[in-house]
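> test case, fold it:
(chains A, B and C)
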Amino acid sequence: MLTMGIDIGSTTCKCIIFKDGSEIVGRAIVPLGTGTSGPQQVFQTALSSGGFVREDMERILVTGYGRFSFDEADTQKSEITCHAQGIHYLFPSARTVIDIGGQDIKVLHISGRGMADNFVMNDKCAAGTGRFLDVMAGVLNVRTEDLGSISMEAENEVRISNTCTVFAESEVISKLSANVRLADLVAGIHTSVATRVASLVFRNGVVKDVAMSGGVALNQGIVRALSRELKTDILIHKDCQFAGAIGAALIANQELLRQARDNKK
Amino acid sequence: MAENNVPAPKREIPKSRVMVNQQTAQIYANAWAAKEKGEPVGWSTAIFPQEIAETFGLPVLYPENNAAAISAKHLGDPFIQHAEGEMRYPINICSYARMNIGMADKMSGEKYERVEPAMPVPDFLLLANNSCTQLMKWYENLSRNLGIPIFFVDCLFNYYEEPPAPHKIKYVRSQIENCIKDMETFFGKKFDWDRFLEIQQRSQINRKLFNEIVKLNSRTPAPMNGFDLFNYMSPLVLCRGQESTTAIFEQLKLEVLELIATNTSTFTAKEQHRVHWEGIACWPNLGYNLKMLKSYGVNAVMNGYVTAWDVAYEPGDLDGMAKAYQMSSTNSFSTPSIMAKRAKSIKDYSCDGMLCHVNRSCKMMTFHIFVGHEIIEEQTGVPCANFDGDQSDTRVFSEAQFETRLQALVEIMQHNKEAQND
Amino acid sequence: MTDLNQLLQEFSDVAANPRIVLERYIAQGKKVVGCFPIYTPEELVHAGGMIPMGLWGGQIAPTVAGKYNPIFTCSIMRSCLEYGMTGKYKGLSCAMMPMLCDTFRGMSGGWRAGVKDVPLVAFIHPQNRTDSGALEFLTEEYKAVRALLEKYTNCTITDAALEKSIEIYNEHAAVMCEFVDVANDHLDVITPVVRHSVMKSAVFLEKSEHTEKVRSLMAELNKLPIHEWKGKKVILTGITAEPDEFLEIFAENRIAVVGDDLAQESRQYRTPIPDGPSPLERLAAQWFNRFCCSTVHENESNRGELLVEMAEKQGAQGIAVCLMRFCDVEEYDYPIISKATEKAGLHSLCLEIDQNTQNNEQSRTKIQSFAEMD
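Okay, the predicted model is just below:
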């Protein structure tokens, strides 16, 4: 039984195909978000990656910011439910999940069955999100994906006090003109994000094991800073960016099984 | 940087400042000593009728003043983060409240590392909402979180320009009297009305002295860097009814008169422009603000904030005292009332402009700035500039923005001067 | 159209078009007085033969209010100032404004600067309610309010008329409490949007008119069989829970609203005006009986327990704090509400309410997740 999960985010689209809810047999990621050709592209690319066609998919479940506008989907579920399932698949011991997305920060508490039982999200402002990091990378003239490795060279981390993205930008610029080392600046930016995220985590408390999902989790500098703020190790899976799509595909599979059971009755 | 390695001589701290520091240290020490003896210690809002606790001889500390001191030393962030994180207080509430509520919670736990100036956990709270309504919510939360009582004097609000109506004075007076009765019961002490009268008299002496000192800064050039007023406020805030405050202000007055006599100033740059500062100080950024102002030759000779403790009444007149406490604090007046006062200040202190701190934590003061802009323009003709900041949250102020706004204000003031001279 | 549908349409029309309601009253020769939230002695207006209409802002993006109103003040006040400054409140004889928070303190100045054609009747409640002088103070304060109302409208407000108006208001409050219970047996008809329109229309209509409509509605509902709601149930708390697009998210996720502690809704009706020696004193005494409201000082607060009790009684699985953006007094109450909710094993939601935005996506995610949970 093949099920597909698509996570249509604000800046990227991710797609996973599961066989019988136990083996990943197709995947794709496209750096285009909702409202673009991203969803169609990720859909087609994932199918090709496994040599499949649409009709092979018994159920398609979509999640993420753009989940209401993808016609190919059979159904949709919130990112919270999907990330919970997805991380549970990747790390069955995880109980706190931190997802720093393009414009959202979500912190979930999940049960041993991968169900979210509590969650908190950031206020509307972009501080501490992927968007914040993108703007900072732009100011520093580096790629967002290099921020992590750059920060590893930091010797004297510099404090960035403004959380407002616009003001932080000018703060970083003025530090650049004062010849502050790039690595030290980036480390400071990471701490700024980590502090904001930690504040959200503390609202519902740290319950181990702590795992991260979403693209920003691939930034080792953020992970290191966050781990320091939370005073705990954080589990990072190489597929953490796919957590939402994984969860979506798994839930699609569960729904099919439930339907089959109900039909038998 | 300099090749010449002889360090510049450190500027001597004036005696008055030493006395202020000693006084502050003493009241903190008194509070801790009381705590150690198992005697009650209180926390009070900034403009609660201090005469009452002073008469009872109860040690009282002031969380707003404490938060200012801690944020000036950049030590407040962990408490703010604790309030926003585990304690779940939304980020929009006043940063003094976040800092203090977070600190109070930490203090009550084990493993608390004292951050100086440290206050002991209070046993009672003194609340007057003349400064704002958020104080009421802040103290409610302290009271519930710590399980301690509040003695409350609700000072209402003057929404129009008239002085408080008789029924308002009656209500505030009733609360003062009931407060005293309730405190007699709670503390098991008799209120000494003779001593109360003495403290009222002393409070009036101190308040008048402070006004005289502030008035000295209306001279051109000003003998004081206006920011000094922020430091010298603390005796008035913390010890308004005490003799030690009289001694400090008498000393300070002497020093300022000496500065005038020698035509010197604690504003160490050339005074090219004089501004009226509106709003609370940006405590974490005071150093930067001053540096910037000096670099543009701007002396913030006067600010509205320091007038908040000008609580004027006839000693022995309880109605007068009730009225006075409803008329203190910038935030107990309507904007037309307050801006009329500012306009007078701007004229009396020969200010060329007004620099307004849009304090993210203080809605009422910010309303005054927004609604009052027109009034200031109309009544004084001087330019106003706003900048964003916060009294103790370090994440709001932007150095780049401050300099841009200040520079723009300076350019307008310069232009106005030149136009006048033409 | 059935009687029921017609009634529902009427409630909806009133809630959505207060301007039309205002014009209708003025065309009838009535004087109308605006009443800012949350608590005003609108019975005084009613007793003068005038119509009190609530000023609860609207879902707009202000462009001129920012002149007098800092951006970090509550969005309701922003919208109200915008409406005032752009003439949308033209026709009001005056507006009553209680000084319940710092934004109101500031707004009294903002309104007087920006809306000169609607005079302001400002007043303040005593927060130290246990003080022996507080009741006398509020009675005198209400006297001053009455005098100003009479001045701005040329109407007379007699004690006799006030006694009658108080009875009308008490009757209305009782009917609203009854409606909330009846509604829970017919959640298929009384959807979150419908429930809100019944509540919201109350702030715009003359009270006895609204009482009649609600009574008719309940009569129609009682003709229908009791509906067993199969989806989730939620209690709402906060200042307001609007607009309709926001409430529809609950319905889309098969979540019914089965109780509320909203300032615009049930908080208005749970404290009847008590008996007393004079009608003004009765009005004043009501303030002293108010409870669990963030704008009313209480040493102890049982707001968390109150909400949990409401949830448990109605079988709700969650309590949604509808947090008005920049409403500091509600924000101070947030920790105790969310902690009490979780302690009781219920789900706690925090949903931002902002009149100055059209974006509900975050709320959509949160509400959907609540629906998807065990």
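
> what sits closest to the residue positioned nearest the centre of chain A if chain neighbours are left out?
Centroid check for chain A by CA atoms, centre = their mean gives residue A:214 as the closest residue, at 1.3 Å. Closest residue to residue A:214 apart from its sequence neighbours, by CB to CB, 6 or more residues apart in numbering or on different chains: residue A:99 at 4.4 Å. (Each C-beta comes from the backbone N, C-alpha and C, glycine too.)

> am I right that that neighbour is in a strand?
Yes - under DSSP: H, G, I helix; E, B strand; the rest coil, residue A:99 falls within a strand.

> in this structure it contacts residue A:211, no?
No - with contact defined as CB atoms under 8 Å, residue A:99 does not count as touching residue A:211 (9.5 Å).

> if we ignore the residues flanking it in sequence, what's nearest the residue nearest in space to the middle of chain C?
For chain C, the residue nearest the mean C-alpha position is residue C:264 (1.4 Å; CA atoms, centre = their mean). For residue C:264, ignoring the flanking residues on the chain, the nearest one in space by CB to CB, 6+ apart is residue C:240 at 4.6 Å.

> around the one you found, how many other residues sit close by?
Residue C:240 has 24 neighbours, counted by other CB atoms under 10 Å in any protein chain shown.

> residue contacts, it?
Contacts for residue C:240 were tallied using CB atoms under 8 Å, 6 or more residues apart in numbering or on different chains; they are C:56, C:76, C:262-265, C:322, C:324, C:353.

> check residue A:60 too.
Per CB under 8 Å, 6+ apart, neighbours of residue A:60: A:3-6, A:72-75, A:252.

> check which helix or strand covers it.
Assessed by DSSP states H and E, residue A:60 sits inside strand A:59-63.

> what lines up beside that strand in the sheet?
strand A:2-8 (parallel), strand A:75-76 (parallel) (DSSP bridges).

> tell me which of those strands approaches residue B:381 most closely.
For the strands paired with strand A:59-63, proximity to residue B:381 was assessed by CB to CB; strand A:2-8 is nearest, at 57.2 Å.

> just the CA atoms of the closest one, as CSV, please.
Extracted C-alpha coordinates of strand A:2-8, given in CSV (Å, rounded to 0.1, in the frame of the first residue of the first chain):
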residue,chain,number,x,y,z
LEU,A,2,1.6,3.3,-1.1
THR,A,3,0.8,6.5,0.7
MET,A,4,2.1,10.0,0.1
GLY,A,5,2.6,12.8,2.5
ILE,A,6,3.3,16.4,1.3
ASP,A,7,4.4,19.2,3.5
ILE,A,8,3.7,22.5,1.7
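
> ok so, going back, and the residue nearest to the centre of chain A, how far is that from chain B?
20 Å (CB to the nearest CB, to the nearest Å).

> can you classify the residue nearest to residue C:264 as helix, strand or coil?
coil.

> need the pLDDT of it.
For residue C:240, the pLDDT comes out at 98.

> in three-state terms, how would residue B:291 be classified?
Assignment for residue B:291 (three-state DSSP): helix.

> count of residues packed around it?
Residue B:291: 11 surrounding residues under other CB under 10 Å.

> ok, stretch C:359-369 near chain A or not?
Yes - interface with chain A: stretch C:359-369 contributes C:359, C:361-362, C:365-366, C:368-369 (CB under 8 Å from any CB of the partner chain).

> drop anything exposed from those residues.
C:362, C:365-366, C:368-369 (16 or more other CB atoms under 10 Å in any protein chain shown).

> tell me the contacts of residue B:399?
A:171, A:174, B:285, B:288 are the contacts of residue B:399 under CB under 8 Å, 6+ apart.

> out of these, which is most surrounded?
residue A:171 (26 neighbours).

> grab the nearest non-local neighbour of residue 31.
Assuming you mean chain A. Nearest to residue A:31 is residue A:12, by CB to CB, 6+ apart, at 5.3 Å.

> not quite, I wanted chain B
residue B:59 is the one closest to residue B:31 (CB to CB, 6+ apart), at 4.4 Å.

> contacts only, for residue A:45.
A:15, A:28, A:30.

> that one: which element?
Going by DSSP H and E, residue A:45 is part of helix A:38-50.

> can you pull the buried residues of that helix?
Here helix A:38-50 shows A:38-39, A:41-47, A:50 as buried, counting by 16+ other CB under 10 Å.

> same question, stretch B:392-410
By 16+ other CB under 10 Å, the buried positions in stretch B:392-410 come out as B:392-399, B:401-403, B:405-406, B:409-410.
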